[in-house]
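1. Just need the structure, nothing else, for what follows:
(2 chains)
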Amino acid sequence: MKLSEIIIKDAIQPELAALDRDGAVRELVAALAVAGALPESAVDEVVAAIIKREQNGSTGFGKGVAVPHVKHSKVKAMAATLGRSIGGIDFAALDHQPVYSIFLLLSPENQPQQHLQAMNIIFSNLQKDMFRRFLRQCPTREAIVELLDEADSGK
Amino acid sequence: MPTASQQTSICNTLGLHARPAMQFVDVANQFKSRVTVYTGGEEPGEADGKSVMQMIILAATEGTPLRIEAEGEDAEKAVATLVELVENKFGEV
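-> Numbering: from 1, shown residues only, chains lettered A, B, ... in the order given. Just a heads-up that it's a prediction; the model follows:
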């Protein structure tokens, strides 16, 4: 699995408007709906499910990144996107540091293997210092797409 | 330094997704020993049992063979506790 196979490019937010976790989650889920990856009617429900998931344990695993995600019946095909926060967002991260890059992943129910593969490819890249640093510096959607393609080809 | 090692496998349906990975790391951190997890199967992997990211990258699905190793004064207790956590399906089904 490659990043470019799961990340909906049109939904990438190079500069999130939201200043808090819930706002950022809503912005990214809404962007996925606009891009056609999720029915508009499911946005509220999916946002609520992701926030509930975060409340049970933050996906801000440290190093300035968070990967909010959910398996949901309204999601018919796996879809992910990402957003950059210039000022940083409090995600209740494990290291108590603000989050600058957010990967949001929506998975259908009953496909746990595919979900694990997607988490694998996202975290394999997020673990690389260079990838995180470059991502924080990408000013545009085009630059982010280019970085994701480079990450894929480096595999 | 004492070491301990035990073989087990992932037995919850959803596999080692984020929540169980965090739970594993939380438990591993209760011990002084260094904990390493090895997965078998088609794509063998290795992870620091105290790193959530590394544990998630294992992408261990249901049925994946797992070897839990620990090195340190409480190695034996650490391995036994972690194996129990895995075999209790992290409280899932």
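
2. what's the burial count for A:His69?
-> 23 (other CB atoms under 10 Å in any protein chain shown). All C-beta spots, glycine's among them, are computed from the backbone N, C-alpha and C.

3. so what's the nearest residue to it once chain neighbours are set aside bridging to?
-> Once flanking residues are discounted, A:His69 sits nearest to A:Leu105: 3.9 Å by CB to CB, 6 or more residues apart in numbering or on different chains. Counting by DSSP bridges, A:Leu105 is bridged to A:His69, A:Ala80.

4. What is the burial count for A:Leu105?
-> Using other CB under 10 Å, A:Leu105 has 25 other residues around it.

5. ok, now B:Phe90?
-> Per other CB under 10 Å, the neighbour tally for B:Phe90 reads 22.

6. The residue nearest to it when sequence neighbours are not counted sits in which helix or strand?
-> Excluding its sequence neighbours, the residue lying closest to B:Phe90 (CB to CB, 6+ apart) is B:Pro20, at 3.9 Å. Assessed by DSSP states H and E, B:Pro20 sits inside helix B:18-28.

7. outside of that helix, which residues touch it?
-> Under the criterion CB atoms under 8 Å, 6 or more residues apart in numbering or on different chains, residues A:56-57, A:59, A:67, A:69, A:119, B:12, B:14, B:16, B:35, B:37, B:49-52, B:55-56, B:78, B:81-82, B:85-86, B:90-92 lie in contact with helix B:18-28.

8. which residues touch the residue nearest to A:His69?
-> Contacts of A:Leu105 by CB under 8 Å, 6+ apart are A:Ile6, A:Val67, A:Pro68, A:His69, A:Val70, A:Met78, A:Ala79, A:Ala80, A:His115, A:Ala118, A:Met119, A:Ile122.

9. any idea how far the fifth one lies from A:Asp44?
-> Using CB to CB, to the nearest Å, one obtains 13 Å as the distance from A:Val70 to A:Asp44.

10. So between these two, which is more surrounded?
-> Comparing A:Val70 with A:Asp44 by other CB under 10 Å, the one with more neighbours is A:Val70, at 24 against 12.

11. Tell me if I'm right that that one and A:Val46 touch.
-> Yes: applying CB atoms under 8 Å, one finds A:Val70 in contact with A:Val46, separated by 6.5 Å.

12. circling back to that earlier point, in helices, which of the contacts of helix B:18-28 appear?
-> A:Met119, B:Val52, B:Met55, B:Ile56, B:Ala78, B:Thr81, B:Leu82, B:Leu85, B:Val86 (DSSP state H).

13. The fifth one - how many residues pack around it?
-> Other residues lying near B:Ala78 total 25 when counted by other CB under 10 Å.

14. One more: the second one?
-> As a burial measure, the neighbour count of B:Val52 was computed by other CB under 10 Å and equals 22.

15. Can you tell me how far it is from B:Phe31?
-> For B:Val52, the distance to B:Phe31 - CB to CB - is 16 Å.

16. likewise the first one?
-> If you measure A:Met119 against B:Phe31 using CB to CB, the figure is 25 Å.

17. Name the residue in those two with the higher neighbour count.
-> A:Met119 (27 against 20).

18. Identify the residues contacting residue 80.
-> Here I'm looking at chain A. Shown in contact with A:Ala80 (CB under 8 Å, 6+ apart): A:Ile6, A:Ile7, A:Ile8, A:Phe103, A:Leu104, A:Leu105, A:Leu106, A:Ala118, A:Ile122.

19. other chain: chain B
-> B:Ala80 neighbours (CB under 8 Å, 6+ apart): B:Ala4, B:Gln6.
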